[in-house]
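>>> sequence plus predicted model, see below.
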Amino acid sequence: MPVPKNLSSVLKSVTKPGRYTGGEFNSIIKNKETVKCRFAFCFPDTYEIGMSNLGVRILYDVLNKDEDVWCERVYAPWTDMRDKMREYSIPLSAIESGDPLGEFDLVGISLQYELCYTTALAMLGLANIPLWSKDRSEDAPIIIGGGPCAYNPEPVADFFDLFNIGEGEEVLLEISHLYIKMKEEGTYSRSAFLREASHIEGVYVPSLYRAEYNSDGTLKEYEPIYFDVPRTVKKRIIADLDKAPYPEKLVMPYTETVHDRIVLEVYRGCIRGCRFCQAGMVYRPIREKSPEVLCKAAKCLYESTGYDEISLISLSISDYSRLPELTDSLLEWTDEKRVSLSLPSLRVDSFSEELMKKVSSVRTAGLTFAPEAGTQRMRDVINKNVTEEDLLRSVRIAFRGGKSNIKLYFMDGLPTETLDDIKGIADLAKLVVNEYFAIPKPERPHGIGVTISVSCFIPKPFTPFQWEKQDSFSLLEQKQAHLRSCITDKRIKYNYHDAKTSFIEAVLARGDRRVAPVIAYMVKNGAMLDAWDEGFDFDKWMDAFEKCGVDPAFYTTRGFATDEVLPWDIIDCGVTKKYLLSEREKAYRGVTTPSCAEHCNGCGANKLGGNNKWCK
Amino acid sequence: MVQISNNPAYSVLRIKFKKLGDLQYISHLDLVRTMHKIIVRAGLPLWYTEGFNPKPKMVFAAPLSIGAESVCEFMDLRVTERIDPDEAKRRLNENMTSEMQVVDAYYPDVKITELAFLSYEISIKTNGLNEALLEKCRAALDADTIKVVKKTKSGDAEVDIKPLIRSAQIRTSGGEMVIDCTLSADPSSFLNPEYVVKYLKDNVGILSDPIITNEWYSILRTAAFKADMTEFR
């Protein structure tokens, strides 16, 4: 849409104005007078981040394939643009039409990480839409939340009119169709629509439940306020991914975005059962796509986009049961077209020279592996199921293949962790360095760099560790300092996540509805873009907890009792609590659980259906 | 006909295109990236550089800065076969949006470096536009020297841009002041039209409203010339 002339002065005064103006090739323009439902898909981060998100790409395509629906995109402005918008009362608008968010029928917000909550709400504020769902008028848009954070929607439940729990391809269309139907029949009112929507499987309408608390502050129960509202909301999945729609075209950004390439989603779910990993539990059951479908999609996307890189993604790509078949058929044409393949996540137990050669791109000098913990004891506790030898074998292949930079991901603050486990991280990195020097000089690349990147463990909902205490940030900082003191080799670079940020993330990940006023307070006081260093202010968060009378330790360092009602008990993600408890108990004994490919462990996700060869 | 390329491996195909509307906010670097994908989508027989990391060769004349539109951008492409220029134009346009379209494609007679002058239409909506203000602006541009502070690699430097302005006339149109000017486009003495606006802003006081949405200006590149002021193509 052409920017009005008087806004040109604003655009010329901000950084990277091209991210606000749209007009991209393959973006979808429809006639707003003839469509029956206008859907604004908001990504609560910048354009560069949001444009790369696969979920947005898929759902934009799915919604726009319906001729009655026009789905547009909305991103968060960077701070300079946000300030100008506030100064000149410019409302937040959709990229395609330029129409303010408030004029839409449905507004979907993708919640990808907890620290985007303030951005999501600040975006509503910039669009002059009331933050609390109870304050919204009859003609305000219906605000829909979704994405991975919606598995514990409670801290933001009171801001959203409804949540899409699980995969959105079908649910969002059903919500849109219900909206259109009720508008056409003349039966639409905000409350009638929400009540009706609560009957759609995978839809959670927070205002239809009352949360009760015990005198000690723990949750007592969730009570639906009408008999026809389900007691728990079951996650939706797409049963057959080969038959699910996948975009044939991508909106082509003019400006550079973080993952500016074709992304092929190879499968959903994960056969591993890492006990810290939320994605590995909530995306179950595993469902693979066939190489035939994937190759066809890749070729089609290459022709419609002109990208020179295809990234194969999934939670653990080397676990794809037909990976050699897939890479071979892609390589039949990608080399000739100068298209490179990339794999974001590699497991050390299935990494091979052959795989590295297939994906070796001249542009990358490095490889990334995720041992997650420094000692075998700790890796058994978290059920990582990789050994030191797996890692050393993998880096040996990498070094011999000319890769000189190895990046290793770890976590600290894991349950049962001791200072010996922390030291193990440094020891393991040192072994990697030694592995390099064990290779004769002519056979190894020139120079070596090992980077260890350590994040702080957050006990996430729907994992076997969901009841665990989080280490206090001062303890985490001590552990970080200890690790620093254990690293003696200059070739090892050490990065770590800010423990205070992880503390706030944990509150937002594990909180209940009583956390909402804290988030609202932050937003009222200007918080936004907390996922960026520029946006995050720990002292302001602590001040907000105090002002709102919320104790963050209640949700973090306290831990939850196993018989306690958990904030996310309202959601059924497939995997049973019984299974999570048994996994927790095995963690304490240091006993591992085999992958789904070895045998079915009976996690409970099979009841959701889905075509795969593993679930029993 | 002048031989543009002596390398038998490729021919140089010149693309003249426009970049209008919201695309003025796309930087040159982003344009280059975008253009690469457009050419791949169009399926043109691109020639790639030899070596470790093969790249297509695209040469742009006088990169346009953010905030300026153009109806005469030039890009030279190396193609491995002499495809029909009209066919190339058609295929490229199918892969571009309406704000960026090829107006001409051809095998050129002159090197892209022969571009010497560019004409611009600068439209300015400023407070207090009247005959007196126009006269002040005319007088400012007619002065013997026009000194502006230019950002260079070695810091800010005061430069006289008068010799780089081949011509400049001021008129009004629809309540806006319009400067029609022809500026040096030679790479060694390229003059960005933003400096003309900035000079008038700093010295005559146009565009000084603290509420920036009250005033605006636009820059449109309109024509390209060789050193002898004949049309560059």
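Thanks, I have it.
>>> in chain B, which spans are strands?
Assigned strands in chain B, in chain order: B:11-19, B:58-60, B:68-79, B:100-106, B:117-125, B:147-152, B:155-160, B:165-173, B:176-184, B:216-225 (criterion: DSSP state E).
>>> how about CSV for those, with mean neighbour count, distance to chain A and mean pLDDT added?
Heads up, the C-betas are built off the backbone N, CA and C, glycines and all. Formatted as CSV, the strands of chain B follow (neighbours: other CB atoms under 10 Å in any protein chain shown; distance: least, CB to the nearest CB, whole Å; pLDDT from 0 to 100):
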stretch, mean neighbour count, distance to chain A, mean pLDDT
strand B:11-19, 21, 10, 96
strand B:58-60, 15, 13, 94
strand B:68-79, 20, 10, 96
strand B:100-106, 18, 9, 97
strand B:117-125, 21, 7, 97
strand B:147-152, 13, 16, 87
strand B:155-160, 10, 20, 89
strand B:165-173, 14, 14, 96
strand B:176-184, 19, 9, 97
strand B:216-225, 20, 5, 97
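>>> between those strands, which gets nearest to residue A:569?
Among the strands of chain B, strand B:100-106 comes nearest to residue A:569, with 53.2 Å by CB to CB.
>>> so what touches the closest one?
B:13-20, B:23, B:71-72, B:85-86, B:88-89, B:92-93, B:96, B:233 (CB atoms under 8 Å, 6 or more residues apart in numbering or on different chains).
>>> most proximal residue of the stretch 51-200 of chain A with respect to chain B?
As assessed by CB to the nearest CB, chain B sits closest to residue A:88 within the stretch 51-200 of chain A, at 5.2 Å.
>>> could you work out the end-to-end span of stretch A:606-613 for me?
11 Å (CA to CA, to the nearest Å).
>>> for residue A:304, phi and psi?
Backbone torsions for residue A:304, taken as degrees, to the nearest 10, come to phi -90, psi -10.
>>> list the buried ones in the helix or strand in which residue A:477 is found?
Under the criterion of DSSP states H and E, residue A:477 resides in helix A:473-486. Of the residues in helix A:473-486, A:473, A:476, A:477, A:479, A:480, A:483, A:486 count as buried by neighbour count, 16 or more other CB atoms under 10 Å in any protein chain shown.
>>> same thing with stretch A:413-420?
Across stretch A:413-420, burial judged by 16+ other CB under 10 Å covers A:413, A:414, A:415, A:417.
>>> grab the most central residue of the chain for me.
Answering for chain A, as no chain was given. Nearest to the mean C-alpha position of chain A, by CA atoms, centre = their mean, lies residue A:112 at 4.0 Å.
>>> ah, no, chain B please
Mean-position check on chain B, CA atoms, centre = their mean. Result residue B:64 at 4.2 Å.
>>> ok, that residue - contacts?
By CB under 8 Å, 6+ apart, the contact list for residue B:64 reads B:19, B:24, B:28, B:31, B:70, B:73, B:221.
>>> give the contact list for the fourth one.
The contact partners of residue B:31, taken as CB under 8 Å, 6+ apart, are A:254, B:19, B:60, B:64.
>>> picking up where we left off before, list just the nearest of the buried residues of stretch A:413-420 to residue A:343.
Of these, the one sitting nearest to residue A:343 (CB to CB) turns out to be residue A:414, at 25.9 Å.
>>> once you drop chain neighbours, what's closest to the closest one?
Leaving out its chain neighbours, the residue that sits closest to residue A:414 by CB to CB, 6 or more residues apart in numbering or on different chains is residue A:457, at 4.9 Å.
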